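Engineer: sequence first, then the predicted structure, then my questions.
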Amino acid sequence: GAKAILENVRMVWASLWSDAALLYRQELGLDVGRSTMAVVVQELVVGEASGICFSQSPTESSQALVESVYGLNQGLVDGDVEPDRWVIDRDFNKLLNHLPVRRTRQLAAAEDGLKMVSLSAEIGSQPPLTPEQVMAVYELGLKAERHFGAPQDVEWTLRDGDLYLLQSRPVTTRTQASEGDQRAWYLSLHRSFESLRELRKKIEGEQIPAMIRAAEELSKIDLVQLSDRELAVEIRRRWEVNNTWVNVYWADFIPFAHGIRLFGQVYNDRLKPDDPYEFVGLLTHTDMASLERNRLLEALADQVRLRPGLADCLKAGDCGEKAPEFRREIESFIERFGDLSCTVTGGTQCEGATRPLVKILLAMSSRPQAPSGSRKRTDAGRLSRRFLDSFPESRREEGLELLDLARASYRLRDDDNIHLGRIEAGLAAAVAEGRRRLDTGGKAGEGRAELKAALENLDFGDRMRPNRPPARAESGRIRPRQLTGQPAGPGLAMGRARVVRSHADLADFAQGD
């Protein structure tokens with residue numbers, strides 16, 4: 001009704017300050033304070049098939065593209081439903097080819113929104129458009145192009161044989177983007193619920209187990225026993241393994257973090273809390289690897305509190321002799337989580353021995369044990385019930401699944417760094433062994449030359465992320481004093497800043513920094 005329409009009009013106006021809008025205005029040099037937005041309210045046309053048409057392909061000017069799915073267009077736009085694609089020759093007005101897909105589902109209108117439904121085998125066996133309908137869609141795109149005087153990106157739907165134009169905008173390309181411009185990649189992180197659900201299956205069912213296996217395989221190799229030539233080969237192999245998983249991290253793990261954002265948007269839209277970050281309280285109580293790491297750290301620190309002699313042996317570095325059981329527990333911790341000397345997915349200049357871990361244990365043991373989080377768990381339960389109660393009974397399961405997805409997204413945000421850190425630690429160990437051999441000298445045979453080449457010819461610098469933009473000199477253009485973007489947390493904080501110039505400085509962080 002009217003109330004829902006007005007609420008959505010306010011949401012459209014609020015999107016003036018979304019990250020996508022801010023990036024777009026920055027690109028065009030528009031004034032944020034003077035930006036306005038018109039809101040079009042139109043009837044929803046529930047078509048049997050929908051899609052898009054590029055009257056001129058963004059990649060090939062002599063061609064046009066038509067894409068189509070069964071049901072509503074949002075399934076295609078959000079990436080939840082893969083479309084059939086047709087390529088058309090603009091010069092000869094001729095259909096060139098059809099790229100079919102496996103058709104199993106469509107996005108349909110429901111009483112209280114939209115829902116994904118399965119297609120019957122009979123319907124799924126046929127493309128959503130006939131060749132004649134494809135050409136009719138192309139003609140619609142050409143008509144829009146002639147009207148606006150430029151190639152158009154058209155959205156359309158087909159209902160009862162009638163073709164409806166939903167929207168038209170100029171075709172845009174990224175070919176003029178400067179090298180290292182990450183705006184298109186950043187905006188591509190936005191994922192819908194359905195695509196995030198599929199991505200979760202891939203990450204939890206395939207990628208995380210494979211990362212764990214890769215890290216364990218690296219940890220079992222005794223690097224000291226390898227010849228110089230074998231170590232050179234192993235360094236190159238570990239660099240490839242690390243780089244492979246870094247690319248997976250960027251391609252899948254980072255986009256999956258959008259599950260947190262999607263949940264926050266739904267939570268705030270339904271409950272409108274005074275604190276827009278209240279939803280985070282529902283996500284923190286999951287079985288994250290980092291929480292398990294912190295629990296083990298607290299248990300080790302508690303032993304140091306109760307047994308004063310442990311602090312002395314930690315400082316002296318002789319716990320292996322004076323407290324062998326405690327030393328074995330520390331070694332078990334390091335095997336699972338590392339010695340906390342390396343930044344996750346950072347460089348390979350890690351600290352030797354266990355100095356950072358020792359400093360952390362001594363600092364933790366000097367303070368009383370942290371109180372349990374039972375109160376926070378109670379609050380999370382209350383917020384969870386309130387969130388689920390905001391859904392009608394018919395959609396309660398949807399709310400529960402969204403909450404579960406957000407918790408998985410929040411959990412992975414920490415877990416993937418720990419798993420990736422173990423792989424990087426394997427690379428760091430091989431590099432450290434190679435440098436140790438070169439530093440100690442010895443017979444300079446053919447294997448030693450190969451080892452030297454392996455260390456010199458591979459990039460072991462900071463985060464090997466191919467998508468990271470290179471550092472650029474600031475232009476002479478005046479920059480605004482305000483920071484544009486989405487705030488990471490509520491309010492402002494003041495405190496002592498700790499300058500980090502190297503990995504070793506991370507070990508010096510103290511309470512209050």
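Structural biologist: Now that the structure is in, tell me what you want to look at. Residues are numbered from 1 along each chain as shown.
Engineer: which strands or helices does the helix or strand L361 falls within pack on?
Structural biologist: Using DSSP states H and E, L361 sits within helix 355-365. The contact analysis (3 or more C-beta pairs under 8 Å, 6 or more residues apart in numbering; DSSP states H and E) places helix 355-365 against helix 289-306, helix 308-316, helix 324-337. Bear in mind the C-beta positions are built from the backbone N, C-alpha and C, glycine included.
Engineer: report the angle between the longest one and helix 308-316.
Structural biologist: Just to be clear, that refers to helix 289-306. 110 degrees (axes from the mean of the first three to the mean of the last three C-alpha atoms, to 10 degrees).
Engineer: let's see helix 289-306 as CSV, backbone CA atoms only.
Structural biologist: Output of helix 289-306 as CSV, limited to C-alpha atoms (Å, rounded to 0.1, in the frame of the first residue of the first chain):
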residue,chain,number,x,y,z
ALA,A,289,38.8,-20.2,14.4
SER,A,290,39.9,-16.9,15.9
LEU,A,291,37.7,-17.4,19.0
GLU,A,292,39.1,-20.8,19.5
ARG,A,293,42.6,-19.4,19.1
ASN,A,294,41.8,-16.7,21.7
ARG,A,295,40.3,-19.3,24.1
LEU,A,296,43.5,-21.3,23.9
LEU,A,297,45.6,-18.2,24.4
GLU,A,298,43.6,-17.4,27.6
ALA,A,299,44.0,-21.0,28.8
LEU,A,300,47.8,-20.7,28.3
ALA,A,301,47.9,-17.3,30.0
ASP,A,302,45.8,-18.7,32.9
GLN,A,303,48.5,-21.4,33.5
VAL,A,304,51.1,-18.6,33.7
ARG,A,305,49.0,-16.8,36.2
LEU,A,306,48.7,-19.9,38.4
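Engineer: show me what that helix is in contact with.
Structural biologist: By C-beta atoms under 8 Å, 6 or more residues apart in numbering, the residues outside helix 289-306 that reach it are 310-311, 314, 326, 329-330, 333, 336-337, 360-362, 364-365, 369-370, 414-415, 417-419.
Engineer: buried ones among the residues you listed?
Structural biologist: Buried residues within the contacts of helix 289-306, counting neighbours by 16 or more other C-beta atoms under 10 Å: 310-311, 314, 326, 329-330, 333, 337, 360-361, 364-365, 414-415, 417-419.
Engineer: helix/strand/coil for the residue lying closest to Q63 once chain neighbours are set aside?
Structural biologist: Spatially, and ignoring its direct neighbours in sequence, Q63 is nearest to S57 (4.4 Å; C-beta to C-beta, 6 or more residues apart in numbering). Of the three states, S57 takes coil according to DSSP: H, G, I helix; E, B strand; the rest coil.
Engineer: which pLDDT value belongs to S57?
Structural biologist: On the pLDDT scale, S57 is placed at 91.
Engineer: now do the contacts for it.
Structural biologist: Counted by C-beta under 8 Å, 6+ apart, S57 has contacts 63-65, 87.
Engineer: let's see if you can find the most crowded of those residues.
Structural biologist: A64 (25 neighbours; other C-beta atoms under 10 Å).
Engineer: three-state assignment of that residue?
Structural biologist: A64 - assigned by three-state DSSP - is strand.
Engineer: show me the contacts for the residue nearest to it when sequence neighbours are not counted.
Structural biologist: In this structure, A64 finds its nearest non-sequential neighbour in I88, 4.3 Å apart by C-beta to C-beta, 6+ apart. If a contact means C-beta under 8 Å, 6+ apart, then I88 has 63-66, 94-96, 134-135, 138 as its contacts.
Engineer: am I right that I88 is in a strand?
Structural biologist: Yes. Assessed with three-state DSSP, I88 lies in a strand.
Engineer: which secondary structure elements does the longest helix along the chain contact?
Structural biologist: Longest helix in the chain by number of residues, with DSSP state H as the criterion: helix 396-440. The helices and strands touching helix 396-440, judged by 3+ C-beta pairs under 8 Å, 6+ apart, are helix 193-202, helix 208-219, helix 228-248, helix 258-271, helix 289-306, helix 374-389, helix 446-457.
Engineer: ok, which of those comes nearest W13?
Structural biologist: When those are compared by C-beta to C-beta, helix 258-271 sits nearest W13, at 14.2 Å.
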